[in-house]
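*Asks:* Based on what follows, work out the 3D shape:
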Amino acid sequence: MDGLKTVTADTVADYYKPYGEYGDGSYEPGDIIEVYDLKHRLRCIIRATKVYTIEFGKIPEEVWRGEAFSSAEEFRECHIRCLPHLDLHDSFEFVTLHFELVEVIAREVAS
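*Replies:* Below you'll find the model as predicted:
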């Protein structure tokens with residue numbers, strides 16, 4: 001919510017998978033998205049601006065910078081640590097969702 005992160009990446013399989021009561025997966029540019037924390041509290045509203053597929057071995061600068069990493073290598077290292085159950089080879093595909101912050105609902109939420 002501080003504006004540093006403007007991109008998120010997910011596996012192709014997970015990006016298109018339905019979630020929750022209303023989510024059908026696969027946001028498109030222009031979609032307005034409510035963002036909830038792990039305790040299901042609404043934290044902010046974002047607008048999707050671009051969606052496209054990338055290969056793990058060719059991370060574009062706008063993606064690694066948008067995910068708030070200092071390099072493509074840092075992006076790869078983090079995703080390998082966070083997704084140890086996947087074989088993240090160079091041609092493995094991710095879907096990137098680029099977004100802009102529309103509204104902050106709650107920066108700090110009491111526990």
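
*Asks:* Looks to me like residue 26 is in a helix.
*Replies:* No - counting by DSSP: H, G, I helix; E, B strand; the rest coil, residue 26 is located in no helix; its state is coil.

*Asks:* Neighbours of the closest residue to it other than its chain neighbours, how many?
*Replies:* Nearest residue to residue 26 in three dimensions, chain neighbours excluded: residue 16, at 5.0 Å (CB to CB, 6 or more residues apart in numbering). Just so you know, the C-beta spots here come from the backbone N, C-alpha and C atoms, and that holds for glycine as well. Here the number of neighbours of residue 16 (other CB atoms under 10 Å) works out to 12.

*Asks:* What's the first helix or strand after the longest strand anywhere in the chain?
*Replies:* Looking across the chain with DSSP state E, the single longest strand is strand 42-55. Per DSSP states H and E, the first helix or strand lying C-terminal to strand 42-55 is helix 61-66.

*Asks:* Quick check, residue 15 in contact with residue 8.
*Replies:* No - contact criterion CB atoms under 8 Å: residue 15 and residue 8 do not qualify, at 9.6 Å.

*Asks:* Give the intersection of the neighbour lists for the two.
*Replies:* Counting by CB atoms under 8 Å, 6 or more residues apart in numbering, the common neighbours of residue 15 and residue 8 are residue 97.

*Asks:* List phi and psi for residue 27.
*Replies:* phi -60, psi 150 (degrees, to the nearest 10).

*Asks:* residues in contact with it?
*Replies:* Contacts here follow CB under 8 Å, 6+ apart; on that basis residue 27 touches 33, 48, 51, 97.
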